[in-house]
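Attaching a predicted model along with its sequence, questions to come.
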Amino acid sequence: LPSSAGFVVGHAGLYQALAMFAVAYFIIGMTVLSVCAIATNGALDAGGAYYMISRALGPEFGGSIGIMFFLANVCGSALYVLGLVEAVVDSFGIPPGQEAGTGIHVLPQSYWYELLYGTVLLALCLLVCLVGASIYAKATFLIFLIVAVVLGTILVSFFATRPLKVPINLPKANGTETDNGVFTGFSLRTLRDNLGGKYGEDYTTGQMMSFSSVFAVMFNGCTGIMAGSNMSGDLKRPSYSIPRGTISAVLFTYLVYNLLAFLMCATCNRILLQKDYGFLRDISIFPPLVTVGIYAATLSAAMSNLIGASRILYALARDDLFGRALALAKKTSASGNPVMAVILSWLVVQVVLFSGKLNTIASVVTTFFLLVYATVNLACLALEWASAPNFRPTFRYFTWHTCLLGIAGCCVMMFLISPVSASASLGFLLLLLLALHYLSPSSTWGYISQALIFHQVRKYLLMLDVRKDHVKFWRPQMLLMVQNPRGSARLIDFVNDLKKSGLYVLGHVELQDLDMLPSDPLQPQQESWLSLVDKLNVKAFVSLTLAPSVRHGVRQLLFTSGLGGMRPNTLVLGFYDDEAPQDGLARHPAFTSAREEVPLGFPPLRAPAAPKLLSAREYVGIVADALKMLRNVLLARQLESLDKAWELRRAASPAPTIHVWPVNLLRPDSARYADTCSLFLLQMACVLNMARAWRRARLRLFLCVEAGTMPHAQEEKLRQLLKDLRIQAQIQLVPWDAITRLHWQTCQGSSGGPAEEEEEEEGVVNFPTNTAQVSDEYVCAANKLVLEQSPAPTVRFLYLPRPPADTSLYPLYLHQLELLTRGLGPTVLVHGVSAVTSTQL
């Protein structure tokens, strides 16, 4: 403390020195409040700040900051060793220009000799740390007593020592230069001379000092306040000891710094403060005691940083974040001391000693510590903002404001001290974050990001008001019902392309009665479904339910899936037919390289001869239920035969196409292209075309025309509609007089013609009995008309008519849908009940 205070005051003056102390301790104070909050929120283990950050922010942040904190402690230990070497050489070194020493000045001075002295001192620190934390604690307590006595002696010396001149020998290129520093005793003139800043050259490095460089050196004298938290694994009651010890250390050192700064400014001239960092020996009433105190304090700080670095390295190795790279650091002695971590830390410190001068690495060490302190504040801020019920620290003297101020202070000072070091440190941190994100195993610590996301999502869901919905911002929100994912892998992938950044829910109904079961059977299945979502790389939620029938289960999901303004508006079902289900999961690209993982806990597919879980009547009832609940409906047939990767990436010409039939082929007497359902069908085809994988595809819109109906006028009207809706599609006229003739022949004698047909009103749920009005012959002809349009498309979109009002006609309705789509390949039948297109800005 005294030595660094003299260095700061000599260059910065009293005013700037006090400002530096205030800034440094403001940053440290805010960080200490965060440390105390986290330390009192649960059991702490080895690793100190690393342990706090990793358990709060997750392995990526924790591991990367752990490495940064390890390097900070390693460089800090080297810094104090170099400082001790400097003090030893200053006291016992042969003066520059002399070949032989005299008296106590017997140690040669050169780069290699000083490296040797540093190596010896570091070996002493290593021996103490290898013995264990108990001997370290006893040694530091003894050193504390020595330093307290020395500090008391120094304070007395300012009052007891008479004015004197102190000769200073400064090394120069051509020899030495002698100057005189003056201890004036308490003098108002001396105080005035020392009020302002007067930055000079650091005589140990030859570098010109500035506010930032002086602050960097001074701040390293304050980092010892984290020593207690670094020893968290060796403390009996860390949640009790860390807050009391750390806050006491901060208050005590801050008061001592300010007191010493004032006393030095009032008694020592600028030359003495700037040119002799060991001037306190010269003015002390008992100089040897000051020397012992400086050596003891510096040695203690070096040991503190070395043992702190070893504990951080041990914690990193034990968490297996870096795999085998740190496996050696896990080894401990019989008493639990991580000896290999201590030895590895010692080796790294030894490498840093080659830098030579303490002020050379001061800015790097300070940048590392500031980055760690900022992250400690960030961890506490994240815990506070997440508002998790289990964040209940017994230390309550903090708020999110203190955390935010600590982060801001650390970041500002980091870049003021050394923009290059700060940028390099942040870049290195980012590289570590990315490496850990992709390479480290998942942890069970809990991720604060999940708590923050939950907090924000809840807030924004409350703000998502369904009463403010507008058709301009409509998007599909899909509920896809899946019986067994083994037979629906490609359908799941296809619907993922249709959702257009909307909600996507995979629904499944388990036919069981909870009253007859000992526990919920859906909980064990949840993991399999979530793993499926990850493997298929689809952005979907999973919603499972128990019900006595599939129809009841789908109703439950339509009523309950989603939350607030995010609820499914579109139900997607696979088609009901007699085709044997195929296991598409094994052929899916996500599983081709890991076939052993294909099962995922899902049962095998239903055998072709086995009965189905629902009847044709129940299947059509599900469609009717969805329409009653004003949900759009999509029925997907033969989507499992769609090889999207091959169809869309093939280089052959022409480009893949999407065929769109916006006319109700089962009701030729009411064929309209601008009703709600037709526009919804157009919108879904356009949404699919907007998906990244489908952008090469071309939309082809088929306009069914009859003779004598002015087809070109109809085409122009449809082209204008597409232009208004900003949909790019090719329009193809399709004559279908022969098809409609079959319909009217069937209707003669049973119907009065088209004028008597009941039109479907938009927004009104009615159920015209359309299945009774067309024959199988007509439907087969319509199917042939669709099939003849070449070239064959990648997928077709067809108009899905409403189910009939008479439930006895459900099987006939489904039969005609099967005839209409037979042999068409991948086909989507679409029925929309809500307006989804807009021509407004």
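All right, it came through fine.

other SSEs contacting the lengthiest helix in the chain?
The longest helix of the chain (DSSP state H) is helix 2-39. Here helix 2-39 touches helix 49-57, helix 211-220, helix 238-267, helix 270-275, helix 279-283, helix 358-386, helix 400-417, going by 3 or more Cβ pairs under 8 Å, 6 or more residues apart in numbering; DSSP states H and E. Where you see a C-beta, it was placed from the backbone N, CA and C, and this is true even at glycine.

Please identify the deepest-packed of the ones you listed.
helix 49-57 (a mean of 27; mean count of other Cβ atoms under 10 Å).

distance between the following helix or strand past that helix and the chain's centre?
Along the chain past helix 49-57, the next helix or strand (assigned with DSSP states H and E) turns out to be helix 59-92. Between the centre of helix 59-92 and the centre of its chain there are 30 Å (Cα atoms, centre = their mean, to the nearest Å).

In terms of pLDDT, where does the closest residue in space to Val554 that isn't next to it in sequence sit?
Leaving out its chain neighbours, the residue that sits closest to Val554 by Cβ to Cβ, 6 or more residues apart in numbering is Ile622, at 5.1 Å. For Ile622, the pLDDT comes out at 96.

what about Ile622, helix or strand, and which?
helix 616-628.

How is the protein divided into domains?
The chain breaks down into these domains under the TED database: 1-97+106-439, 475-635, 643-747+771-840.

Distance to Asp469 added to those, as TSV?
Output for those, formatted as TSV (distance: least, Cβ to Cβ, whole Å):
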stretch	distance to Asp469
domain 1-97+106-439	29
domain 475-635	7
domain 643-747+771-840	10
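
I'd like to know which of those is closest to Val457.
Of all the domains of the chain, domain 475-635 sits nearest to Val457, with 9.1 Å by Cβ to Cβ.

Straight-line length of that closest one, end to end?
18 Å (Cα to Cα, to the nearest Å).

do the same with stretch 41-52
10 Å.

can you start the count at 18 instead of 1 from here on
Let's use 18 as the start, then, which means that last one is stretch 58-69.

mean confidence for it?
Here the average pLDDT along stretch 58-69 is 68.

for the residue lying closest to Val722 once chain neighbours are set aside, what are its contacts?
With sequence-adjacent residues excluded and distances taken as Cβ to Cβ, 6+ apart, Val722 is closest to Pro728, at 3.8 Å. By Cβ atoms under 8 Å, 6 or more residues apart in numbering, the residues touching Pro728 are Leu720, Val722, Leu750.

Quick one: neighbours of the second one, just the number.
Using other Cβ atoms under 10 Å, Val722 has 19 other residues around it.

Quick one, grab the pLDDT at it.
81.

what's the spacing between the nearest residue to Lys292 once chain neighbours are set aside and Asp196?
Spatial nearest neighbour of Lys292, chain neighbours left out: Ile185 (4.8 Å); criterion: Cβ to Cβ, 6+ apart. Ile185 sits at a distance of 5 Å from Asp196 (criterion: Cβ to Cβ, to the nearest Å).

any shared contact partners between the two?
Ile288, Lys292.

So, low pLDDT: which residues of the stretch 168-317 of the chain?
The stretch 168-317 of the chain contains residues with pLDDT under 70 at 186-194, 221, 240-252.

Go again with 50.
By pLDDT under 50, the stretch 168-317 of the chain contains no weakly predicted segment.

give me the low-pLDDT residue ranges for the stretch 618-767 of the chain?
766.

any idea which helix or strand carries the residue nearest to Asp293 when sequence neighbours are not counted?
Distances taken as Cβ to Cβ, 6+ apart place Ile185 nearest to Asp293, at 4.9 Å, with adjacent residues excluded. Using DSSP H and E, Ile185 falls within strand 181-189.

And Val650, by the same measure?
Using DSSP H and E, Val650 sits within strand 649-654.

Which among the helices and strands packed on helix 19-56 is found nearest to Ala662?
Distance to Ala662, taken as Cβ to Cβ, is lowest for helix 66-74 among those, at 38.1 Å.

For Leu750, give the beta-bridge partners.
Beta-bridge pairing of Leu750 under DSSP bridges involves Leu720.

can you pull the contacts of it?
Leu750 touches Leu720, Val722, Pro728, Glu732, counting by Cβ under 8 Å, 6+ apart.

Now do the residue nearest the centre of the chain against Glu77, distance only.
Among the residues of the chain, the one closest to the centroid is Ser466, at 6.1 Å (Cα atoms, centre = their mean). Distance, Ser466 to Glu77, by Cβ to Cβ: 9 Å.

Gln737 now?
For Gln737, the distance to Glu77 - Cβ to Cβ - is 54 Å.

which one of the two has more residues nearby?
Glu77 (21 against 10).
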